[in-house]
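Undergrad: Pasting the sequence and the predicted model now:
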Amino acid sequence: MINDDHSRIITKITALSESAQYNQEKIKDYREKIAALRQEIRNISQSLKQQDYENGSDELAELDAARSIAITMDCDLLRFHIDKMETAVKDKMTSSALEALNPIQEGLSLLKKRVEYISNLEDLIKAYNEEIGFSKKLKQIEKILEIDQSNDETTPPNQEDALGIDSEEDNKSTWTPTSTVQPRHTTLH
């Protein structure tokens, strides 16, 4: 019975450790995707002659800023050019309507990249929150193992519960930011 309990505990600890490792890899991947998308957003913004905003180290503020910019700037820019095209078509100025298509296509590309950027930021923040849960559980395990060593390798009656491996309370922690993003004031052209 004790060997079964130890085997089950070791299996859960191994699974937890592997999950934490996989989560670290996800965090690294999200950071790389975010950096690449950020550069693409800068490039498209420059081609549209649209000012960019300062990039900060706080992902929550960055997420809020990106959402706000997608809604207020990117969508407004598209509406402006669509209205311009609609007016040109109504006024039978087809060449002007065709000229409005380029900024619409670039604006759609920018909006698409920004939404992908937002999605990756959301996923990164989720992965940070999961990391907090993994870290707490691993610290609990470390604490239990230190207690076991000081008690001459005796096993508490319900060591699995003492480890908190299945505890849902640990998953309620959330990551909080440490700095802010400073948006620049922009104008639509």
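TA: Cool, the structure landed. Numbering: from 1, shown residues only.
Undergrad: Can you name every helix or strand that whichever helix or strand Ser45 is part of contacts?
TA: Assigned by DSSP states H and E, Ser45 falls within helix 2-47. In terms of contacts (3 or more CB pairs under 8 Å, 6 or more residues apart in numbering; DSSP states H and E), helix 2-47 is packed against helix 94-150, helix 159-163. In this view, the C-beta of every residue, glycine as well, is placed from N, C-alpha and C.
Undergrad: Of all those helices, which one comes closest to Asp4?
TA: Closest approach to Asp4 among the helices and strands packed on helix 2-47 (CB to CB): helix 159-163, 11.3 Å.
Undergrad: any idea of the mean pLDDT for that closest one?
TA: What helix 159-163 shows for mean pLDDT is 47.
Undergrad: Check stretch 14-23 too.
TA: Stretch 14-23 comes out at a mean pLDDT of 91.
Undergrad: contacts for it?
TA: Contacts with stretch 14-23, where a contact means CB atoms under 8 Å, 6 or more residues apart in numbering, come from 127, 130-131, 134-135, 137-138, 141, 165.
Undergrad: Neighbour-wise, which one of the residues you listed leads?
TA: Counting neighbours by other CB atoms under 10 Å, Lys137 comes out on top of the contacts of stretch 14-23 with 23 neighbours.
Undergrad: in this structure, which ranges drop under the pLDDT threshold?
TA: For the chain, applying pLDDT under 70 flags the ranges 1-2, 52-57, 147-189.
Undergrad: centroid residue for it?
TA: Leu121 (2.3 Å; CA atoms, centre = their mean).
Undergrad: How much space separates it from Lys92?
TA: 45 Å (CB to CB, to the nearest Å).
Undergrad: ditto for Ala70
TA: From Ala70 to Lys92 the distance is 34 Å (CB to CB).
Undergrad: neighbour-wise, which of those two wins?
TA: Ala70 (17 against 8).
Undergrad: re the thing from before, how about the contacts of stretch 14-23 in a markdown table, adding distance to Lys26?
TA: Shown next, in a markdown table, are the contacts of stretch 14-23 (distance: CB to CB, whole Å):
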| residue | distance to Lys26 |
| --- | --- |
| Ala127 | 5 |
| Glu130 | 8 |
| Glu131 | 9 |
| Phe134 | 12 |
| Ser135 | 15 |
| Lys137 | 17 |
| Leu138 | 17 |
| Ile141 | 22 |
| Ile165 | 21 |
